[in-house]
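> turn this into a structure:
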Amino acid sequence: MSRLEVRGITKSFDGQPVLRGVDLEVPSGAFAAVLGPSGCGKTTLLRVVAGFERADAGTVTLGDTRVTAPGLHLPPEKRRVAVVPQEGALFPHLTVAQNVAFGLRGREARRGTRATELLELVGLRGFDQRMPAELSGGQQQRVALARALGPQPHVVLLDEPFSALDAALRASVRTDVRAALRAAGATALLVTHDQEEALSTADVVAVMRDGVVVQSGTPQEVYRFPRDVDVARFVGEAVVIPATVRDGVVWTPLGHLPLTEPARDGVGTAVLRPEQVHLVPEGQGLTARVVETSFYGHDASIRLEVRCPGEVDLPVLCRTQGEVPAGDVVGVQIVGPVTWYPAA
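Okay, the predicted model is just below:
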């Protein structure tokens, strides 16, 4: 396993900038997720790290080895980087064991012991002689991971490997892949547009927008202290309201609220998360009307219109247990500090 460091990477296609100076650091043995919408440059970044694309400028370092720099482009086969693609890309005419052994060399490949060990690592013990067509989509992805881990790469790159799986299978395969990577001690980089996937899987989350990493940190840091309103909206659901800071307190239509960190006086925007909006009996807190309830089983997402001072109705989202019928009148209280962003 090796530390991955990306500094100032730029890349354009036909004069159109795709990467605009990307900086990213993944500690040795960590699982990092690059999170961003389609077209933000995350897959191009993965291809530059793998060596499939030549960067226009900047550096990529794996462990103590610089693999990309001005005048330097180490080819993919010399980087000791493995890629797990979206569909697994297994050889359909080879058995599971033969697929896993494909990247192994010499005696290791002939003996088959390494392939057996890797299949056990990814939870597929006894699947050696099956053909890819006999496997589920999740099993195929785990075989692809075993094959990637075979040559003991410095870094494993995962290109939205769970996107083709159904929702129920996706969560369990994510957990299995994360456990296998941790057991192997591998450094991994996942690119995804799925916020839940990034937050639940990664040690480090890097949010990309318009070809740059706008924020990087632990999932908790990125979720609780988003760099700007756009990051807050992209990383989970957010309630965004106008706000003014006076004497260290932020004043909003929902009342005066504590801040996550001190701020100078001024006008701007406050952000809180739906789980901070608590429903209380009517007559307590602010009065709100239920507009719509979306029930998910484990919880429900409720859209409210909160009657604020000055007879202003403010749309607010909250999470709660059970269903609350549309049209019901409830009370609302805000719990915990909010993040404030001054007006530009």
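> give the contact list for the nearest residue to residue 133 once chain neighbours are set aside.
Across the structure, with C-beta to C-beta, 6 or more residues apart in numbering as the measure, the residue nearest residue 133 apart from its sequence neighbours is residue 92 (6.4 Å). Where you see a C-beta, it was placed from the backbone N, CA and C, and this is true even at glycine. Contact analysis of residue 92 by C-beta atoms under 8 Å, 6 or more residues apart in numbering lists 131-133.
> highest neighbour count among these?
Within the contacts of residue 92, residue 132 tops the neighbour count with 19 neighbours, counted by other C-beta atoms under 10 Å.
> my guess is that one contacts residue 140, does it?
Yes: in this structure, residue 132 is within contact of residue 140 by C-beta atoms under 8 Å, at 6.0 Å.
> tell me which helix or strand residue 147 sits in.
Of the helices and strands defined by DSSP states H and E, residue 147 is found in helix 137-149.
> next secondary structure element downstream of that helix?
The first helix or strand that comes after helix 137-149 along the chain, using DSSP H and E, is strand 155-159.
> quick one: that next one to chain centroid distance?
13 Å (C-alpha atoms, centre = their mean, to the nearest Å).
> quick check: next helix or strand after that strand?
Where DSSP H and E defines the elements, the next helix or strand beyond strand 155-159 is helix 167-184.
> got the buried residues for that next one?
For helix 167-184, the buried set under the neighbour-count rule, 16 or more other C-beta atoms under 10 Å, comprises 169-170, 173-174, 176-178, 180-181, 184.
> let's see the helix or strand just after it as CSV, backbone CA atoms only.
Using DSSP H and E, the helix or strand that directly follows helix 167-184 along the chain is strand 187-192. Once non-C-alpha atoms are left out, strand 187-192 reads as follows in CSV (Å, rounded to 0.1, in the frame of the first residue of the first chain):
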residue,chain,number,x,y,z
THR,A,187,-5.0,2.2,-0.5
ALA,A,188,-8.1,2.9,-2.6
LEU,A,189,-9.7,5.7,-4.6
LEU,A,190,-13.4,5.5,-5.5
VAL,A,191,-15.1,7.9,-7.9
THR,A,192,-18.8,8.3,-7.5
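> pLDDT on strand 187-192, on average?
Over the span of strand 187-192, the pLDDT mean works out to 94.
> can you list the low-confidence ranges for the stretch 1-150 of the chain?
Across the stretch 1-150 of the chain, the stretches falling below the confidence threshold (pLDDT under 70) are 1, 88, 105-112.
> quick revisit: export the buried residues of helix 167-184 to a markdown table and tack on distance to residue 66?
As requested, the buried residues of helix 167-184 are arranged in a markdown table below (distance: C-beta to C-beta, whole Å):
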| residue | distance to residue 66 |
| --- | --- |
| 169 | 39 |
| 170 | 36 |
| 173 | 34 |
| 174 | 32 |
| 176 | 34 |
| 177 | 29 |
| 178 | 29 |
| 180 | 29 |
| 181 | 24 |
| 184 | 25 |
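> what's the angle between the helix holding residue 147 and strand 187-192?
Angle between the axes of helix 137-149 and strand 187-192 is 140 degrees (criterion: axes from the mean of the first three to the mean of the last three C-alpha atoms, to 10 degrees).
> what residues does helix 137-149 touch?
By C-beta under 8 Å, 6+ apart, the surrounding residues in contact with helix 137-149 are 82-85, 87-90, 96, 99-100, 102-103, 115, 118-119, 121-124, 127, 132, 135, 156, 161-162, 164-165, 169, 172-173, 176-177, 180-181, 184, 186.
> what's the answer for stretch 127-135, then?
For stretch 127-135, using C-beta under 8 Å, 6+ apart, the contacting residues are 88, 90-92, 94-97, 99, 112, 115-116, 119, 139-140, 143.
> ok, those vs residue 197, which is closest?
Among these, residue 88 lies closest to residue 197 (C-beta to C-beta), at 17.0 Å.
> for the closest residue to residue 255 other than its chain neighbours, which residues count as its bridge partners?
In space, residue 255 comes closest to residue 334 once its chain neighbours are excluded; the distance is 6.8 Å by C-beta to C-beta, 6+ apart. In this structure, residue 334 has the following beta-bridge partners (DSSP bridges): residue 277.
> what angle do the helix holding residue 147 and strand 155-159 make?
Interaxial angle, helix 137-149 versus strand 155-159 (the same axes, to 10 degrees): 150 degrees.
> okay, the angle between helix 137-149 and helix 167-184?
Between helix 137-149 and helix 167-184, the angle formed by their directions is 20 degrees, by the same axes, to 10 degrees.
> buried residues, helix 137-149. List them.
Burial within helix 137-149, assessed by neighbour count using 16+ other C-beta under 10 Å, is assigned to 137-149.
> then stretch 61-73?
By neighbour count on 16+ other C-beta under 10 Å, the buried set for stretch 61-73 is 61-63, 67-68.
> what do you get for stretch 118-136?
Taking 16+ other C-beta under 10 Å as the neighbour-count basis, stretch 118-136 is seen to contain the buried residues 118-119, 121-124, 127-128, 132, 135.
> before we move on, what about stretch 263-279?
So, applying 16+ other C-beta under 10 Å, buried residues of stretch 263-279: 263, 268-274, 276-279.
> filter those residues down to the ones in helices?
Judged by DSSP state H, the buried residues of stretch 263-279 include no members of helices.
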